[in-house]
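> sequence and predicted structure, then a few things I'm wondering about:
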Amino acid sequence: MKNLFKTTGAALSLALLGGTAFADGHVDAAIKARQSQMQLYAFNLGALGAMAKGAVAYDAEAATAAASNLAAVAMLDQSMLWPAGSDSGAAKTRAKAEMWSNYPDVMAKGKALSDAAVAMQAAAGTDLDSLRGAMGAVGGACGACHKVYREPES
């Protein structure tokens, strides 16, 4: 009986330690995943922005591909990417802690980005003027969230 208590106690301790390690690892993985998602946004917006600015020639096929990528990434379920403890005060990230106290607003801003990305997808391959017209809504949606919920670069 004495060995049963020792074994049970040891198993419980390992389970608790393992859970803590998983939780810490999960937060780190979530941060990396969402930062990767933001890099995909930036990469595809960079290609679209270069066309919109005239820095590179407008290419309907390339614009459609980048806009489709943007829409696909914007439609991903991000719910697991924002765990508590993944803000700038607790981790290596620029996310402000206010995000978690005002999550309905964050979700609304995310929905605005998804809607703008879908509109960009419809417009990007049409012509340069349509691409340019859709850029403002996407940029505005990104900025609306970043201005409120992201720390400035240091």
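Cool, got the structure.

> is it correct that residue 126 falls within a helix?
No - per DSSP: H, G, I helix; E, B strand; the rest coil, residue 126 lies outside any helix segment and is coil.

> and for it, the neighbour number?
Counted with other C-beta atoms under 10 Å, the neighbours of residue 126 add up to 14. No exception for glycine: its C-beta is placed from N, CA and C like everyone else's.

> give me the spatial nearest neighbour of it, chain neighbours excluded.
Excluding its sequence neighbours, the residue lying closest to residue 126 (C-beta to C-beta, 6 or more residues apart in numbering) is residue 60, at 7.6 Å.

> next one: the one you found from residue 48, what distance?
Separation of residue 60 from residue 48 (C-beta to C-beta, to the nearest Å) stands at 12 Å.

> quick one, which of the two is more surrounded?
Between residue 60 and residue 48, counted using other C-beta under 10 Å, the more crowded position is residue 48 (22 against 14).

> so who does that one touch?
Taking C-beta atoms under 8 Å, 6 or more residues apart in numbering, we find residue 48 in contact with 63, 66, 67, 70, 120, 124, 131, 135, 138.

> does the fourth one really touch residue 116, like I thought?
The reference is to residue 70. No - judged on C-beta atoms under 8 Å, residue 70 makes no contact with residue 116 at a distance of 9.2 Å.

> which neighbours do residue 60 and residue 48 share?
residue 124.

> now do the helix or strand encompassing residue 113: which elements does it pack against?
Here residue 113 sits within helix 103-124, counting by DSSP states H and E. In this structure, helix 103-124 packs against helix 60-74, helix 128-149, with contacts taken as 3 or more C-beta pairs under 8 Å, 6 or more residues apart in numbering; DSSP states H and E.
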